[in-house]
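>>> I would like to see how this sequence folds:
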Amino acid sequence: MKYLNEMKLTVKALSQNESFARSVVGAFFAQLNPTLEQLDDVKTAVSEAVTNCIVHAYNKQSGDIDIFCGTTEDSLTIEITDYGKGIEDIAKALEPFYTTCEDGERSGMGFTVMQAFCDEMNVQSEKGRTVVTLVKKVSKAD
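This is a model prediction of the structure:
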């Protein structure tokens, strides 16, 4: 796809980088003049995706998270990539309340939240690489 603007960011899979990634993507999205609700939606979805990488892909171990953002005239595409253990059963992982965490600390709602706050979501995964693609559209006023 041809984007009007693009950015790439790589952060370590550390919990303190979740808010940083959220802020950077939000600032990049601001160029499309989204509503405050649309901006919050994107920031929430990015928080969930990055947290999934930290908790599930790397199991709180070290690793990188790559974030790509591209804008069109009326949408933002976000690709969040990790190089962790992969998702064995994507369909199962997309079910609300499903979690692989056995400590009871996770609600299993990460993908559900991403789907609710974005217009499109796609998950591709294999051992050593998972890519979550999110698309948020911005309605332009007439």
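
>>> okay, CA-based contacts and neighbour counts for the rest of this
Fine.

>>> need the helices for the chain, in chain order.
16-29, 36-52, 90-93, 110-117 (DSSP state H).

>>> now those helices in a markdown table, with mean pLDDT and distance to Q124?
Shown next, in a markdown table, are those (pLDDT from 0 to 100; distance: least, CA to CA, whole Å):
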| stretch | mean pLDDT | distance to Q124 |
| --- | --- | --- |
| helix 16-29 | 97 | 21 |
| helix 36-52 | 95 | 13 |
| helix 90-93 | 71 | 8 |
| helix 110-117 | 83 | 13 |
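
>>> and those helices: which comes nearest V131?
helix 36-52 (9.8 Å; CA to CA).

>>> so what's D82 closest to, chain neighbours aside?
Once flanking residues are discounted, D82 sits nearest to I65: 4.9 Å by CA to CA, 6 or more residues apart in numbering.

>>> any idea how many residues pack against the one you found?
By the criterion of other CA atoms under 10 Å, I65 has 25 neighbours.

>>> who's it bridged to?
V11, D82 (DSSP bridges).

>>> can I assume it is in contact with T10?
Yes - counting by CA atoms under 8 Å, I65 does reach T10; the two are 5.6 Å apart.

>>> anything in contact with each of the two?
By CA atoms under 8 Å, 6 or more residues apart in numbering, I65 and T10 have no common neighbours.

>>> what sits against T10?
D64, I65, D66, I67.

>>> specify which member of these is nearest to E6.
I67 (10.6 Å).
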